[in-house]
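Engineer: Would you be able to build a 3D model of this:
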Amino acid sequence: MSSEQSSVANVDHLARDRDGNVVTEKQAWNALWAFLIGFFMILVDTSIVTTALPATIRALNTNLNQGVWINSAYLLTYAVPLLITGRMGDRWGPRRMYLIGMAIFGASSLACGLSPTIGLLIAARAVQGIGAAFMTPQSLSVITRLFAPEKRGAAMGMWGATAGVASFVGPVLGGILVDTLGWEWIFFVNVPISIVGLWLVVRNVPVLETHGHSFDWLGVVLSGIGMTLLVFGIQEGEQYNWGTITGIISVPLLIILGVVFMVIFVLSQAEWAQPYLHPHASDFEPLVPLRLFTKRNFSLANAATFLVGMLVNAYVLPTAIYLQSVRGKSPTIAALLLIPTAVVSGLLSPLVGRVLQRRRSGRMAAIGVALYVISSIGWWLFTVPSTQLWVFPVLAAIGGVGAALTWSAISLVGTDDLGQADAGAGSGVFNATRQVGSALGSAFIAMVMDARIRARHDLGRGLGESMFVTITAGTICVIVCASFANFKRAREHNS
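Structural biologist: As a prediction, this is how the structure comes out:
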């Protein structure tokens, strides 16, 4: 086996700290718990603002178009740097990058809550997204780096529980805070959590060995421009009716340019291009080592997490709008009707993690996504005034089972073949793929909701029929997940 292959495949060695000491299993779990607090916080923050948006718009005396930018600015600055911050974790250590991100996130959360104008709030949210981008790849990377392969299932189960619960806790917590304390508290609540999180990381996360290579600044520029154009175009397309923004600049042009820059970026990462682009850097390492994509499961897992990110974001919006705008429920009541998703996912995910250590995870992921599809079909059929309210918690619970089976399984398959040196890069790619999928899901569901509501002249049925987006994405994802190789067998083959 070549050294290049072994850097990806040889994952049996244990992590060591900066002094060369082996990180024990207890230390690994303590580190993971410390990281998961911040990971939970930033995932909640991607959805909590949606619930508080009407109150925030009223309080700051602004309009809906400007209000949408409160979330759009965060998602944009969150998604774009993920490729870079993942590799920075490899280069300078996940602990250091996470601490920087947590400090930025906490300070910008305080600034968000204190913002007297919509402009300052949008700017603070953009900084908050940068903090989240520093933190997110490190939580997944630490599982790959600190846990031996046979122990990763349980660790990934906790990571999956955090991701699944956070996706639906945001709207619930947002509704309660807005109805009781005011919109500012959806941001203020992050400040004490950030302080506790910083203390826990300093106390429990070891300073790991770093893998120093010449940093790929050309890749940073190309991927940054490409991701910005792509995510902005996808995210804001509906606001401009997928047409002209100003002058000759249009949404399709931005997306096309984004694709062009990303293609150039990918070509710059190829092994054959390195002697021409970096002739004097013998220790150069690309931002995204393309050899990672020679691994079948890594490539399939990225496709699957893109589709799941798209599915989940598309699923949440019409359900929340239906319960509030059609059935007349308050933000808190509407969120509580959906809370079985978070409860069921949180209870099942640790059990799923233990099962993942001995069973094929691709099959489990396929079943999980299929349950999301079934729940989406239920929403499509039952968004009529005569439907009893108890039906919706049942559909939410089905989605919770799906979330528990999906997140951990896909993430474990995607990161199982990553070695110590590539953990950050692989995690950055994985999280960036999910975020772009989430942005695309938001754009598609907004476009389809508008089209179906206009065609139907019925808000409820239009919202139900927009679930075709989640049904389509989920069906494709089931096929992708069913194509995963057995992750244990793949690891044995590589080693």
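Engineer: Name the surrounding residues that touch stretch 337-356.
Structural biologist: The contact list for stretch 337-356 (CB atoms under 8 Å, 6 or more residues apart in numbering) reads 153-158, 160-161, 164-165, 167-169, 171-172, 319-320, 323, 329, 364, 389, 392-394, 396-397, 399-401, 403-405, 407-409, 412. Quick note: C-beta positions are derived from backbone N, CA and C, even for glycine.
Engineer: Now, of these, which are buried?
Structural biologist: Listed as buried from these are 153-158, 160-161, 164-165, 167-169, 171-172, 319-320, 323, 329, 364, 392-393, 396-397, 399-401, 403-405, 407-409, 412; burial here means 16 or more other CB atoms under 10 Å.
Engineer: Among these, which are located in helices?
Structural biologist: Of those, the ones assigned to helices by DSSP state H are 153-158, 160-161, 164-165, 167-169, 171-172, 319-320, 364, 392-393, 396-397, 399-401, 403-405, 407-409, 412.
Engineer: and the gap between L76 and F187?
Structural biologist: Computed as CB to CB, to the nearest Å, the L76 to F187 distance reads 18 Å.
Engineer: quick one, which of the two is more surrounded?
Structural biologist: F187 (26 against 21; other CB atoms under 10 Å).
Engineer: For the more buried one, pull up the helix or strand it's in.
Structural biologist: Assigned by DSSP states H and E, F187 falls within helix 185-188.
Engineer: what separates that helix from the chain centre, distance-wise?
Structural biologist: 21 Å (CA atoms, centre = their mean, to the nearest Å).
Engineer: Walk me through the domains of the protein.
Structural biologist: Domain ranges of the chain: 20-213+285-494, 214-284, per automatic domain parsing.
Engineer: Could you single out the most deeply buried of those domains?
Structural biologist: Neighbour counts (mean count of other CB atoms under 10 Å) averaged over each of the domains of the chain peak at domain 20-213+285-494, with a mean of 21.
Engineer: Quick one: end-to-end length of stretch 270-277, please.
Structural biologist: End-to-end distance of stretch 270-277 (CA to CA, to the nearest Å): 10 Å.
Engineer: got it, and stretch 141-161?
Structural biologist: Taking CA to CA as the measure, stretch 141-161 stretches 17 Å from start to finish.
Engineer: cool, stretch 140-159 as well?
Structural biologist: 8 Å.
Engineer: just how off-centre is it within its chain?
Structural biologist: 17 Å.
Engineer: Stretch 454-470 too?
Structural biologist: 26 Å.
Engineer: before we move on, what about stretch 32-43?
Structural biologist: With CA atoms, centre = their mean, you get 13 Å for stretch 32-43.
Engineer: so how far is V391 from G437?
Structural biologist: Taking CB to CB as the measure, G437 falls 28 Å from V391.
Engineer: Sorry, slip of the keys, the one I care about is I410.
Structural biologist: Separation of I410 from V391 (CB to CB): 28 Å.
Engineer: same deal with F232?
Structural biologist: For F232, the distance to V391 equals 38 Å [CB to CB].
Engineer: try Q239
Structural biologist: Plainly put, Q239 is 33 Å away from V391 if you go by CB to CB.
Engineer: now W242
Structural biologist: From W242 over to V391 (counting by CB to CB), the distance is 35 Å.
Engineer: ditto for S411
Structural biologist: S411 is 31 Å from V391, where distance means CB to CB.
Engineer: One more: F105?
Structural biologist: F105 sits 38 Å away from V391, going by CB to CB.
Engineer: Could you do M467 as well?
Structural biologist: As judged by CB to CB, M467 and V391 stand 14 Å apart.
Engineer: and the gap between M41 and N30?
Structural biologist: Per CB to CB, M41 is found 18 Å from N30.
Engineer: for this structure, what spans make up the strands?
Structural biologist: In the chain, the strands defined using DSSP state E lie at 244-246, 249-250.
Engineer: so how far is the first one off the chain centroid?
Structural biologist: Translated: strand 244-246. How far strand 244-246 lies from its chain's middle: 29 Å, per CA atoms, centre = their mean.
Engineer: could you say what helices and strands that strand packs with?
Structural biologist: If you count contacts as 3 or more CB pairs under 8 Å, 6 or more residues apart in numbering; DSSP states H and E, strand 244-246 packs onto helix 251-269.
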